[in-house]
Each structure stands twice: as C-alpha cells, then as structure tokens.
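[1] for reference, the sequence and a predicted model appear below.
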Amino acid sequence: MHREKDPESDGSVGVMTDTSHTQSPEEYDLERLGRERPPTFSNWFQEFMFCCALLISMLMSEYFVSGFNIILPELAHVLDIPSAQLTWPASVFSLVIGAFLLPSGRLADIYGGYAIFNFGMVWTFVWCLVAGFSTNLKMLIATRAIAGLGPAAFLPTGVMLIGKIYRPGPRKNMVFSLYSAIAPLGFFFGIIMSGIAGQYMTWRWYFFLGAIVLLVACPMSFFAMPNDFKEAQKKNETQHVVMDWWGMATIVPALVLLTYAITDGTHAPDGWKTPYIIVTLIVGLGFLGAAVYIEGWVAKQPLLPFDLFKPKYMGRLTVALFFGYGVFGIYLLYSSLHIAEVAGKTPLITAVWFVPMAAGGIVLATIGGFTLHLLPGRILLIISGVGSILSVLLFAVIRPEATYWAFVFPAMLCATIGVDICFLVTNIFITTNLPKNRQGLAGGLVYSLLFLGISFFLGLADLAVAENKKRTGERDFSIAFWLATACAVVTLAIFSTIKLGKAESELTVEEREQLQRARAQEAASQLHPGPK
C-alpha cells in the first residue's frame, strides 16, 4: 500500500509527527498514517475535545465581528454615541487582530501553541465580559481593542496546531474542513444572537452570551490540547528563535495607521482632505517603509521572513488571497446593508436570510473532508473563484423588487463556496509546505491576509459608495459589488495559474528533506566508495 511521492511535487502537502526518528521516509505507510489518529492524542475523546476548542475559537472570533454591527444602533442610542464616531467601536476589534497576528505567530513558535492559544481564549473571555459593562464610548472602544489581542493570539496558533499535529491526508483534510466551515456559522451565530439580544434583552447580553460560550471552551482547551511548551523550549535551544522587536515596533503601527486612514477616510469631516487622515496616512507609510527595510536587511529573524514565500506559488497565492478575502469582506458588509436598508428586513430576518451561507459551510465541510484527497487543488481554487464572482455579481445586478430565491439565496450559496473552499485549500497548502518552525508564522500570514484584505478593500468600497453618493445623491450599494466583482475576477485569474495537486497522504517537509539527504548520501557513497 506504500506510495512514495515526489518531494518536489507542486501539490505536496503534509505536517509533522514524531515518527521521523523511528523509521526512514521510504518505510512510511502514508495512506495509513494520513488517516489514523495522531499519536499526540491518547484517545479519541481528547482529540474530540481538542477539535471542539479549535472550532469554538473560530466561531467566537466571527461572532464578535459580525454581531456587533447589529447591536450598534441600540448601543449608540443607550450610550449616546454620535453617528460620526461609530466607526471606531465597530472596526477597532478587527484592526487590533490584524495588526498583532504576526507577532503572535512568532510567540507561538517560541513558546508553543498551548500557552499562546490558551492565553488568547482566557484574555478574550475576560475583556468581552468587561465590554458588556461599558458605560461610555471610551470604555467600549478600549475594551473592544484590548479584547482583540485574544483572537490575534489564538487564530494563528489554531492553524499552527493543526499544521504541527496532523499529517497530510484525509484526517487533516477533515479537521481543516470543519475549521473553515465554522467561520460562516460563527458569522451567522453572531448575527442571530445579537438580533435576539437587541430585540428581546439588551445589547449587554450580546457580550455576556459570548463570554459564556468562551467560559465553556476554556476548560476544553486547557485539558485536551497537547502541551508543547517543553518541545518549543528544546527546539529554541538549538534554533534560537527570538522575537523581532524592531519588526514588531514598525509593522504593528504601520498596519494600524494605514488601516485606520483607509477605513475612516470617507467618514472624516473633510474626507481624505481631513488633516488627521493625511497625517495618519503619511506616518503609516513611513512606518511601512521602515518595516520593509528592517525585515529585509536588518532583522536576523524577521517576523515576515522571505523564506516564507519560498514554496512554489506562495507569492501568487498571497496576492490572490488578499484580493479574495477583500471580496468576501465587501460581500458580508454590503449584503447585510442591502437586506436591511434596501429590502427593509429586521435584524432577525436578516440573520435568517444568511442561513444558506452557514448551512452551506457545514455541507462543504462534510463533502470536503472526504473529497479533498480526490480532487486537484487547482480545480477547487477555480470553483472557489467562480463562486466568489457569482456571489457579488448577483448583488450587483439585483433590483429592490427581486425575490429572495432568485438572487439572495444563490448568492449566499456561492459566497460560502468561494470563501470556504479557498480558505481550506490554501490553509492545507501553506501549512504543509512550510517546516515545523514556521507554522506559527504561517498561521499569522493566513489571518493577516484575511483581516487586512477585508479592511483594505472595505475602505475602497466605502470610498466608491461615498463618491458615487456625492455625484448622484443616492447611496447605491451596487458600486461596492461591482468593485468586488472586479477583484473576484483578479482572484480567479491568479487561481487559474496555480497548479496544486491533490491533498493526499504525503511526506512532511522534514521527511522530504530527510529523504533527499539520504539519497544524496547514497549517491555520494556510490561515486566514492570507501575501503572494504
């Protein structure tokens, strides 16, 4: 049953286990190893609880992003927040997450996934609970910002843990399928719970309900997650992985300032001509230039090392993901606005209209877990690109009198096809084509592209809608969807050039390197045989 894969295969994907020291790569039964439970779990229940903790972490990160916009009108009324100041409490959570993902990924590489993941879960629980007691705008913004450090810690670490624990093969495909499918479910969960809290309770219960879910998940994480702290420390004794403090001091403010300038430029008193927007943009560009210089020529262990893009297609994949996640961000916001403002639906009905997206994610998780090792990655990425185009194109041409089943329902299905397949395939490719000591940064890169892509393209869409309103006097959301359609076409064009193979049971990066060294030594011994 043994099959040896080409170490240079474009579609090769895999993750590490601890079997490399007991047998050579040629002796691996790859199909069996790709399907069995990783040896780090003592029984099925521990693995089940581990997966539950991971899925809940993803669920709640989406919950605290999507649902907040639904309770914002009531919250603004109760706390007397002017409409011009609503941008910060709505965006600061995602902004902090996006800015601190890469430093968190490096910390996970240094101290292990167990410590960083559990810190993030507990931190989010504490500060989201405190946010529920906010009494004014400043307290709300501060608690939302501080809470964002939690997902910044556990999101990249979750990708890292899956990448380190699971070998390439059907079992890893299933775990990543569930992990990617929980995102639209979390988005829907946030909307429905915020709608219930706003309509039948108070906005504070939106935070309290989220804190209760996290309180249930934290013990799962503490007791079921493999503790890799000692392993990380032992690794650092030989590899000396350290934090890039200068990189962090330039990358974080660059991302915060630039993202703020882009997202708030259209809402400022004089638009992009507002002095503080101009200053923020210039200073942010200055920090960005300093970060590029430090990461490229000064830092010994940069937060974003160039070898992260060494695997074939990584550069193109990064650009495609940046555009693709931007399309998804535009879709989420402006589809909600269209349903609420154009179609005139209540928050609860809006949540119900998103049910196909959540249900579609679950279906894709089930199908994907059993078929990813059968279908080429390139075909799956093309299907994802087509789904993204159709999701925003349907909303671009929709009319106010259009029926739900003719436009909104198929758009919801196409949206989950677009983002779920893309997230799943690219996560498997990225994590399995990078070595074990790069898994934390791989997770940081994945989510940086997600949050920064959403923030950047939402800023452009907001600008396009605002400029169109100045000319026509109407707030036309179709402008945003046409922009998203153009971005989706770019994503599909790039995806069509990326030739990924099937996500089959493969050798890991370290195992492939070991095999190459063994073959090189064998060839050298044949050319220069020693004395008999």
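    Received, thanks.

[2] let me see the ranges of the helices in the stretch 1-150 of the chain.
    Under the criterion DSSP state H, counting those that start in this stretch, helices of the stretch 1-150 of the chain are mapped to 30-35, 44-79, 87-111, 113-131, 137-147, 149-165.

[3] need these in TSV (columns: mean neighbour count and distance to residue 496).
    Just so you know, the C-beta spots here come from the backbone N, C-alpha and C atoms, and that holds for glycine as well. Output for these, formatted as TSV (neighbours: other CB atoms under 10 Å; distance: least, CB to CB, whole Å):
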stretch	mean neighbour count	distance to residue 496
helix 30-35	18	28
helix 44-79	20	29
helix 87-111	24	28
helix 113-131	22	35
helix 137-147	19	39
helix 149-165	28	25
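
[4] how about residue 228: what's its closest non-neighbour residue?
    residue 112 (3.9 Å; CB to CB, 6 or more residues apart in numbering).

[5] make sure the one you found is actually in contact with residue 234.
    No. Under the criterion of CB atoms under 8 Å, residue 112 is not in contact with residue 234, lying 10.2 Å apart.

[6] between these two, which is the more surrounded one?
    residue 112 (25 against 11; other CB atoms under 10 Å).

[7] which pLDDT value goes with residue 220?
    At residue 220, the model reports a pLDDT of 90.

[8] one more: the one 5 residues further on?
    pLDDT recorded at residue 225 is 86.

[9] ok so, going back, residue 208 is nearest to which of the helices of the stretch 1-150 of the chain?
    Between residue 208 and these, the tightest spacing by CB to CB is seen for helix 113-131, at 7.1 Å.

[10] what angle do that closest one and helix 44-79 make?
    30 degrees (axes from the mean of the first three to the mean of the last three CA atoms, to 10 degrees).

[11] gap between helix 113-131 and the chain center?
    The chain centre lies 18 Å from the centre of helix 113-131; the measure is CA atoms, centre = their mean, to the nearest Å.

[12] can I get the CA coordinates of that helix in PDB?
    Taking Å, rounded to 0.1, in the frame of the first residue of the first chain, the C-alpha atoms of helix 113-131 are listed here in PDB:
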ATOM      1  CA  GLY A 113       0.900  26.700  20.700                       C
ATOM      2  CA  TYR A 114      -0.600  25.500  24.100                       C
ATOM      3  CA  ALA A 115       0.500  28.600  26.000                       C
ATOM      4  CA  ILE A 116      -0.400  31.200  23.400                       C
ATOM      5  CA  PHE A 117      -3.800  29.600  22.400                       C
ATOM      6  CA  ASN A 118      -5.000  29.300  26.000                       C
ATOM      7  CA  PHE A 119      -3.800  32.900  26.800                       C
ATOM      8  CA  GLY A 120      -5.900  34.100  23.800                       C
ATOM      9  CA  MET A 121      -9.000  32.300  24.900                       C
ATOM     10  CA  VAL A 122      -8.900  33.400  28.500                       C
ATOM     11  CA  TRP A 123      -8.000  37.000  27.500                       C
ATOM     12  CA  THR A 124     -10.900  37.200  25.100                       C
ATOM     13  CA  PHE A 125     -13.300  35.900  27.700                       C
ATOM     14  CA  VAL A 126     -12.200  38.400  30.400                       C
ATOM     15  CA  TRP A 127     -12.300  41.500  28.200                       C
ATOM     16  CA  CYS A 128     -15.500  40.700  26.300                       C
ATOM     17  CA  LEU A 129     -17.200  40.200  29.700                       C
ATOM     18  CA  VAL A 130     -15.900  43.600  30.800                       C
ATOM     19  CA  ALA A 131     -17.100  45.100  27.500                       C
END
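
[13] what's it packed up against?
    In terms of contacts (3 or more CB pairs under 8 Å, 6 or more residues apart in numbering; DSSP states H and E), helix 113-131 is packed against helix 44-79, helix 87-111, helix 137-147, helix 149-165, helix 204-224.

[14] let's have these in TSV, adding distance to residue 340.
    Below are these laid out as TSV (distance: least, CB to CB, whole Å):
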stretch	distance to residue 340
helix 44-79	9
helix 87-111	15
helix 137-147	22
helix 149-165	26
helix 204-224	17
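
[15] for residue 305, which of the ones you listed is the nearest?
    Of all the helices and strands packed on helix 113-131, helix 87-111 comes closest under CB to CB, at 10.1 Å.

[16] run the angle between the closest one and helix 137-147 for me.
    Using the same axes, to 10 degrees, helix 87-111 lies at 20 degrees relative to helix 137-147.

[17] what packs against helix 87-111?
    Using 3+ CB pairs under 8 Å, 6+ apart, helix 87-111 is in contact with helix 44-79, helix 113-131, helix 137-147, helix 149-165, helix 229-239, helix 245-264, helix 439-472.

[18] about what we covered before: check contacts around the residue nearest to residue 228.
    227-229, 231-233 (CB atoms under 8 Å, 6 or more residues apart in numbering).

[19] now neighbour count and distance to residue 345 too, for those residues, in JSON lines please.
    What follows is these, written out as JSON lines (neighbours: other CB atoms under 10 Å; distance: CB to CB, whole Å):
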{"residue": "227", "neighbour count": "14", "distance to residue 345": "47"}
{"residue": "228", "neighbour count": "21", "distance to residue 345": "47"}
{"residue": "229", "neighbour count": "13", "distance to residue 345": "49"}
{"residue": "231", "neighbour count": "16", "distance to residue 345": "51"}
{"residue": "232", "neighbour count": "21", "distance to residue 345": "49"}
{"residue": "233", "neighbour count": "12", "distance to residue 345": "54"}
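
[20] out of those residues, which comes closest to residue 416?
    residue 228 (32.7 Å).

[21] run through the stretch 401-532 of the chain and note the low-pLDDT ranges.
    Across the stretch 401-532 of the chain, the ranges flagged by pLDDT under 70 are 436-440, 501-516, 527-532.

[22] mind listing the strands for it?
    Shown for the stretch 401-532 of the chain, no strands are assigned by DSSP state E, counting those that start in this stretch.

[23] out of the helices and strands packed on helix 113-131, which is closest to residue 406?
    Comparing these by CB to CB, helix 44-79 comes nearest, at 24.9 Å.

[24] and the closest one, how far out from the chain's middle?
    The answer for helix 44-79 is 14 Å, by CA atoms, centre = their mean.
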